[in-house]
Every structure is written in structure tokens, then in C-alpha cells.
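J.: Sharing a model that was predicted from the sequence below.
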Amino acid sequence: MLINSTKFLLVNSTMIGVIVTICSNNWMSLWIGMEISMLSFIPLMMSNKITSSQSMIQYFIIQSLASTMFLFSIITMLVGANMELIEMLMVISMLIKIGIAPFHNWVLNIIESIDYMIMIFLLTIMKLPPLTAMYQINSGMVTIPLLISVTISSVSSLNQSSLRKMLGFSSIYNMTLVISSISTMKISLIFMLIYSINLFMLVYMIESMKINFINQFVFNEFTLWLKMNLWINMLSMAGFPPLMGFLSKMMIIQMLISLNEMLLVSLIMMTSLLILMFYTRLVFSSMLISNTFKKWTLNFNKPLHFVMISNLLFTFSLLAMNSMV
């Protein structure tokens, strides 16, 4: 993705909308911030793919529907209607915006037709406004959607061959964990930061390797150092101890145990094994090397060699932070 003045302006406008949402002190300004970020982000989704315009329209329709529901709930709140109904509408509208199962199909369709860097933006930065709204709502109605989401995202990820859809289901799963800990903003922010770092490093490597499907790991030969970077990053995304993905997940589990959310904790721990199994399959696929065929080699940028070091450094930093809490 080339950086030009138009895209620079759109990125800045999107970030302004996100900041307005985070800093808002009333529902209307929060809604306005979400609309600014949404309308500024849509032109960034444009790419050379045929389905790009279709994805832009789909994203606009879904987000507009959720925004309309949220605005309707705000107006109904001012009238003084049933607060339980208002709370339910707010929760559903934000779950649609975030893309939590069972409202997740639009995420999987859109990430197939956008650039990798825009996909990172969609799966991280664009989640902040609705997550801010979820923090303000702080409703107990999200428990059942969270149970459904961790189950669907973990089971569905096992049947994927596309890396983009794999990252999509991984995002759905991790956003579910963020929402489950939304009552404690500090833990949610730490987990979101770690997930964003892991996702950026993994997508950077995948884009550099020109890999789109799982079977391409088998038919490519990379250096040992590059493979170690890839393995460490995937295992961290899977929550393999003692990497930072595991430590951040443990912080959420400890918080849920303190809140006596035993059913959710049990389901998260069981589904984490499915996510770990999926990423482990990717690691094993990249280990399969056949020396009978001459495979092509790729040149990588130097920043790629710091992926594993960065992951380990963040792990030690998180350990130190966790010991101080």
C-alpha cells in the first residue's frame, strides 16, 4: 500500500474518530466518533481486487445498521423507555460492529479482499471504538454471546486453509477475550496491545513470504532463523507458555476466576487447546522440508530478524509487569 496524501489524510481522520470515541463523556459524542472513524476507514479498503468494492459496500451496510441501532437506543434512553431493552440493543449493536460470533461473517468476507496492512487496521484499531462503548455499557448480557463466540471461532478455525480466514477467526476469538475482561480496563488494554503486536509481526512475515494458504508452508524452504521467528510468533498467538500471548491470556483467566465466571473460564481453557492445535499444525507444516525438489528462496528485510527477539523481550517485560501487580 503506497502512502499518499489522500491515504495519509484518511488515516489521520480515522485516528481522530477513534480518539474522539475514547475521550467522549456522553453517548452522542461516542456515536459521532465511531461514525467519523467508520466513514474515514471505508476508502482505505479500496484495493486492486475485484471484490474490493463489494467489501466496502458490505462493511458500510453492516456498520450503518449497527450505528442506527446504537443511535436508536440512545434516543430511546432520552425518552425514558425500558432500560433492559436499551441495554440489549446497545450490546447487540456493538457486538455487530466488533464482529463477535454469531455476527462474524462480515469480518471473514471483508478480510479476503483488502490489503494486509488494512486488515491489521481493521482487526485492531477499528475495534477500539466499539470496545470503548462496551466498557461504558458494562453489561452482564454479553456472557451468552461470549460463550457462543469462543466456541464457534475455535472450532471453525480448525477447518480453514486460508491464512486470512485463520487470522479472522483468531481475531474473533481474541476480541471475545478482550470483551470478557472489559470490566478491568488495564487488563483489556494489555491484552489488546499484545495481540496487536503479535498480529502485526505475524502478518508482516506472511506478507513478506507471499503466503496465502497453509499448504504453501510445505512447498517453501526458508532459513532456520526465519522458521524460528515464524514458530515463536505463531506459538505466541496460540498462547503457548511462556510467550507473551500465554501470559496475557493467563491475566484474563485470573481476573475471570476472581469474578467467579467459572463456566466462561472452563470454556476458554478448553477452546484454547483447539486454537493451540491449529497454530501447532501450521508450525508442523512449516517443518516439513523435502530436499528432492529445488525450492525458491526469498530475500527478507532486516526488521524481520527482530521478530523473535521482540517477542521474547515483550515476554520478559510482561513477566516483570505481572510480578509488580
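T.: That came in fine, so what should we check first? The structure displayed is predicted, hence computed values, not measured ones.
J.: where in the stretch 151-300 of the chain is pLDDT low?
T.: 217-224, 286-300 (pLDDT under 70).
J.: what are the ranges of the helices in it?
T.: Remark: helices assigned in the stretch 151-300 of the chain by DSSP state H, counting those that start in this stretch are 163-180, 185-209, 224-238, 244-258, 262-287.
J.: relative orientation of the last one and helix 224-238 in degrees?
T.: So that's helix 262-287. 160 degrees (axes from the mean of the first three to the mean of the last three Cα atoms, to 10 degrees).
J.: Pull out the buried residues from helix 262-287.
T.: Buried positions in helix 262-287, judged by neighbour count with 16 or more other Cβ atoms under 10 Å: 264-265, 267-268, 271-272, 274-276, 278-279, 282-283, 286. The C-beta positions use only the backbone N, C-alpha and C, and glycine is treated the same way.
J.: Among the helices of the stretch 151-300 of the chain, show me which one is buried the most.
T.: The highest mean neighbour count among those, using mean count of other Cβ atoms under 10 Å, belongs to helix 163-180: a mean of 24.
J.: which helices and strands does it pack with?
T.: For helix 163-180, the contact count by 3 or more Cβ pairs under 8 Å, 6 or more residues apart in numbering; DSSP states H and E identifies helix 105-110, helix 116-123, helix 128-137, helix 143-157, helix 185-209, helix 244-258, helix 262-287 as packing neighbours.
J.: Which elements pack onto the longest helix along the chain?
T.: For the chain, the helix that runs over the most residues, judged by DSSP state H, is helix 52-79. Judged by 3+ Cβ pairs under 8 Å, 6+ apart, helix 52-79 is in contact with helix 27-41, helix 83-98, helix 105-110.
J.: Mind putting the helices of the stretch 151-300 of the chain into a markdown table with distance to residue 105?
T.: Formatted as a markdown table, the helices of the stretch 151-300 of the chain follow (distance: least, Cβ to Cβ, whole Å):
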| stretch | distance to residue 105 |
| --- | --- |
| helix 163-180 | 10 |
| helix 185-209 | 20 |
| helix 224-238 | 22 |
| helix 244-258 | 25 |
| helix 262-287 | 19 |
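J.: what about residue 196, distance to residue 227?
T.: Note on residue 196: its distance to residue 227, by Cβ to Cβ, to the nearest Å, is 24 Å.
J.: typo on my end, it should be residue 114
T.: For residue 114 relative to residue 227 (Cβ to Cβ), the value is 28 Å.
J.: Please apply the same query to residue 84.
T.: Here residue 84 is placed at a distance of 53 Å from residue 227 (Cβ to Cβ).
J.: again, but for residue 160
T.: For residue 160, the distance to residue 227 (Cβ to Cβ) stands at 21 Å.
J.: Next: residue 269.
T.: Going from residue 269 to residue 227 by Cβ to Cβ gives 29 Å.
J.: okay, residue 150: pLDDT?
T.: Residue 150 is assigned a predicted lDDT (pLDDT) of 91.
J.: Correction: the previous question concerned residue 127.
T.: For residue 127, pLDDT reads 92.
J.: ok, now which ones touch it?
T.: 98, 175, 178, 192 (Cβ atoms under 8 Å, 6 or more residues apart in numbering).
J.: tell me which of those is nearest to residue 75?
T.: For these, the residue nearest residue 75 by Cβ to Cβ is residue 98; the value is 22.2 Å.
J.: For the closest one, grab the count of nearby residues.
T.: The local packing of residue 98 (other Cβ atoms under 10 Å) involves 25 other residues.
J.: Please apply the same query to residue 22.
T.: Count around residue 22 with other Cβ under 10 Å applied: 14.
J.: got it, and residue 152?
T.: 19.
J.: correct me, but it touches residue 100?
T.: No. The pair residue 152 / residue 100 is not scored as a contact, 9.4 Å apart, by Cβ atoms under 8 Å.
J.: Now the most centrally placed residue in the chain: closest residue in space that isn't a chain neighbour?
T.: Geometric centre of the chain, nearest residue: residue 171, 3.3 Å, by Cα atoms, centre = their mean. Of all residues not flanking residue 171 in the chain, residue 123 sits nearest, at 4.4 Å (Cβ to Cβ, 6 or more residues apart in numbering).
J.: if I look at the one you found, how far off is residue 47?
T.: 16 Å.
J.: Counting neighbours, go ahead and name the busier of these two.
T.: The neighbour comparison of residue 123 against residue 47 (other Cβ under 10 Å) goes to residue 123, with 24 against 16.
J.: what does the model give that one for pLDDT?
T.: For residue 123, pLDDT reads 91.
J.: need the contact list for it.
T.: Contact analysis of residue 123 by Cβ under 8 Å, 6+ apart lists 107, 111, 167, 168, 171, 199.
J.: Can you tell me which of those residues comes closest to residue 80?
T.: For those, the nearest to residue 80 is residue 107 (35.2 Å; Cβ to Cβ).
J.: my guess is the closest one meets residue 168, correct?
T.: Yes. In this structure residue 107 lies within contact range of residue 168 using Cβ under 8 Å: 5.3 Å.
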